[in-house]
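Colleague: The sequence and its predicted three-dimensional model are supplied below.
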Amino acid sequence: MNKLPLVNLFAQYQAIKPDVDRAIEKVINSSAFVGGEEVRSFEEEFAAHCEVEHCVGVANGTDAIYLALRSLGIGK
């Protein structure tokens, strides 16, 4: 029986590899692993995409959920 992969991340990466590699190299060369120009640019572009005034990048999904709950006044 043949198995059909649900997601081929390798193929997706190969399609955009030059862009991804350039972006990673830029971050490494600037040592901007937290914050920096790339994060600011992402936040601005994602806010525009979502048609909102602001966007704040966070480290992971758990941080995002925590901040969303806090902003709504939801406690323990």
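Modeller: Cool, got the structure.

Colleague: just checking, what packs against the helix of greatest length in the chain?
Modeller: Using DSSP state H to define each element, the chain has its longest helix at helix 9-30. The contact analysis (3 or more C-beta pairs under 8 Å, 6 or more residues apart in numbering; DSSP states H and E) places helix 9-30 against helix 37-49. No exception for glycine: its C-beta is placed from N, CA and C like everyone else's.

Colleague: how much does the helix it packs on deviate in direction from helix 9-30?
Modeller: Here helix 37-49 runs at an angle of 130 degrees relative to helix 9-30 (axes from the mean of the first three to the mean of the last three C-alpha atoms, to 10 degrees).

Colleague: what ranges of this structure fall below the confidence cut-off?
Modeller: Applying pLDDT under 70 to the chain flags the ranges 1, 5.

Colleague: Need the residues that contact the longest helix of the chain.
Modeller: F33, G36, E37, E38 (C-beta atoms under 8 Å, 6 or more residues apart in numbering).

Colleague: which two in the residues you listed are spaced the farthest apart?
Modeller: Among the contacts of helix 9-30, the pair separated by the greatest distance (C-beta to C-beta) is F33 and E37, at 12.2 Å.

Colleague: what about dumping the CA coordinates of stretch 32-41 to CSV?
Modeller: Output of stretch 32-41 as CSV, limited to C-alpha atoms (Å, rounded to 0.1, in the frame of the first residue of the first chain):
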residue,chain,number,x,y,z
ALA,A,32,19.9,39.8,15.8
PHE,A,33,18.5,36.6,17.2
VAL,A,34,15.9,38.5,19.4
GLY,A,35,14.2,41.5,18.0
GLY,A,36,16.1,43.4,15.2
GLU,A,37,15.2,44.5,11.7
GLU,A,38,13.7,41.2,10.6
VAL,A,39,11.3,41.0,13.5
ARG,A,40,10.3,44.6,13.1
SER,A,41,9.6,44.1,9.4
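
Colleague: what about stretch 26-37, distance to the chain center?
Modeller: 14 Å (C-alpha atoms, centre = their mean, to the nearest Å).

Colleague: Compute the first-to-last residue distance for it.
Modeller: 10 Å (C-alpha to C-alpha, to the nearest Å).
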